[in-house]
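Undergrad: Got a sequence here, can you model it:
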Amino acid sequence: MDGDFTQGEKKILLQFERFIETDFFKSEVLRVRKAIRVPVGGIKPTDEDLTKLTDLFRVPSNFPVKKLIKGHHPMRLLNIETRKLVEMLPVNNIYLTSLVKYYILFNKLLYTELTEFKDYFRTANVCELEDAQREFDEYAPSDDPESFFSISSYIEMLENKLWKYPVVVRIHPDASQRDIIEYIKTHWHLIKYYQDQYANRNKEASFKNSKTKENTKLKKRNDFIYQNRSLPRKTIMQMVNKDFGADMDQGSIGKIISLERKKREKK
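TA: A predicted model of the protein is given here:
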């Protein structure tokens, strides 16, 4: 995780890292690779692949199949399956979606390579910044059956946004930074009330309590314990005490192994 992320971005990336470590995610990756006929270990990206990551429908140079798969372009099928996976996270956007997509293809998490999408992540993480008028003009619904966007598709777009960001703060063009901060502070009790109405909607995937500094350290410790679970508990206890300065007993070690196993088996 890069050090230049904000606390909100770190919360989301921490939840993302937890998700991709689950047995469910790993099994889904293998299933999707099989569906698009990619080797179990993924394919090797070329230099050209890495310079054209923003071309979401481009077929990688070493992709084994160039034809349609069950009527779908292989990249379209991959994009569909990737979106299904990322929708399980509390927040999803093109950066996280691309990370998963290219991990399925190349078996690598291209955190730094996806620079352009990473920039988008800056404006769409715990909150989303957008020009409401431009969005309306772009997605304006129409009763014309020949129109690309219909009223139903417009409503679907709004529903997708409301699922991720159900509480909205609208900003007047003349409002200053101080005005906005003061407004949020003054009305935080009301904002919090609205947030709480949706808090349990997707509790399993929530990043609400992801205190990044503390959780990152604990995550490293717990990962270490789980990775060495085949060793005697006493040996693990001594290694953890030495490497992490954590005063733990054998019972605590066993409990963490059990919890970590459940997390990885969790859908």
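Undergrad: The lowest-mean-pLDDT helix or strand in the chain: what's the following helix or strand?
TA: The weakest-scoring helix or strand in the chain, judged by mean pLDDT, DSSP states H and E, is helix 151-164 (a mean of 70). Moving toward the C-terminus from helix 151-164, the next helix or strand (DSSP states H and E) is helix 177-186.
Undergrad: can you map out the helices along the stretch 101-250 of the chain?
TA: With DSSP state H, counting those that start in this stretch as the criterion, the stretch 101-250 of the chain has helices at 115-123, 132-139, 151-164, 177-186, 188-198, 212-227, 233-244, 250-265.
Undergrad: Can you add mean neighbour count and give those helices back as JSON lines?
TA: Where you see a C-beta, it was placed from the backbone N, CA and C, and this is true even at glycine. Formatted as JSON lines, those follow (neighbours: other C-beta atoms under 10 Å):
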{"stretch": "helix 115-123", "mean neighbour count": "14"}
{"stretch": "helix 132-139", "mean neighbour count": "10"}
{"stretch": "helix 151-164", "mean neighbour count": "13"}
{"stretch": "helix 177-186", "mean neighbour count": "11"}
{"stretch": "helix 188-198", "mean neighbour count": "11"}
{"stretch": "helix 212-227", "mean neighbour count": "15"}
{"stretch": "helix 233-244", "mean neighbour count": "15"}
{"stretch": "helix 250-265", "mean neighbour count": "15"}
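Undergrad: could these go into CSV alongside distance to Ile43?
TA: Below are these laid out as CSV (distance: least, C-beta to C-beta, whole Å):
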stretch, distance to Ile43
helix 115-123, 20
helix 132-139, 35
helix 151-164, 31
helix 177-186, 47
helix 188-198, 40
helix 212-227, 27
helix 233-244, 36
helix 250-265, 26
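Undergrad: just for this structure, where's the confidence low?
TA: Along the chain, segments meeting pLDDT under 70 span 1-3, 66-72, 138-154, 156-157, 160, 200-217, 263, 265-267.
Undergrad: Domains in it, by residue range?
TA: The chain breaks down into these domains under automatic domain parsing: 7-123, 132-205, 212-265.
Undergrad: Give me the neighbour count for the residue lying closest to Arg83 once chain neighbours are set aside.
TA: Nearest residue to Arg83 in three dimensions, chain neighbours excluded: Thr97, at 6.3 Å (C-beta to C-beta, 6 or more residues apart in numbering). Look at Thr97: counted by other C-beta atoms under 10 Å, it has 19 neighbours.
Undergrad: Can you say which helix or strand has Thr97 in it?
TA: Thr97 belongs to helix 94-106, assigned by DSSP H and E.
Undergrad: which secondary structure elements does that helix contact?
TA: Applying 3 or more C-beta pairs under 8 Å, 6 or more residues apart in numbering; DSSP states H and E, one finds that helix 94-106 contacts helix 7-20, helix 23-35, helix 74-86, helix 115-123.
Undergrad: residues in contact with the shortest one?
TA: Right, helix 115-123. Helix 115-123 is contacted by residues Glu9, Leu53, Thr54, Asn93, Ile94, Tyr95, Leu96, Ser98, Tyr111, Thr112, Leu129, Glu130 when judged by C-beta atoms under 8 Å, 6 or more residues apart in numbering.
Undergrad: Distance of the closest residue to Thr22 other than its chain neighbours relative to Phe19?
TA: Among residues not flanking Thr22 along the chain, Arg264 sits closest, at 5.2 Å (C-beta to C-beta, 6+ apart). Noted for Arg264: a distance of 11 Å to Phe19, by C-beta to C-beta, to the nearest Å.
Undergrad: ditto for Leu218
TA: 17 Å.
Undergrad: Dump the C-alpha coordinates for stretch 155-172 into CSV.
TA: This file holds the C-alpha atoms of stretch 155-172, laid out as CSV (Å, rounded to 0.1, in the frame of the first residue of the first chain):
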residue,chain,number,x,y,z
ILE,A,155,-32.7,5.0,-13.1
GLU,A,156,-30.4,2.0,-13.1
MET,A,157,-27.4,4.3,-13.1
LEU,A,158,-28.8,6.3,-10.2
GLU,A,159,-29.5,3.1,-8.2
ASN,A,160,-25.9,2.0,-8.7
LYS,A,161,-24.6,5.3,-7.4
LEU,A,162,-27.1,5.3,-4.5
TRP,A,163,-25.9,1.9,-3.5
LYS,A,164,-22.4,3.1,-3.0
TYR,A,165,-23.1,6.7,-1.9
PRO,A,166,-26.6,7.0,-0.4
VAL,A,167,-25.9,10.3,1.5
VAL,A,168,-25.4,13.3,-0.7
VAL,A,169,-24.0,16.8,0.2
ARG,A,170,-24.7,19.3,-2.6
ILE,A,171,-22.2,22.2,-2.9
HIS,A,172,-23.2,25.7,-4.2
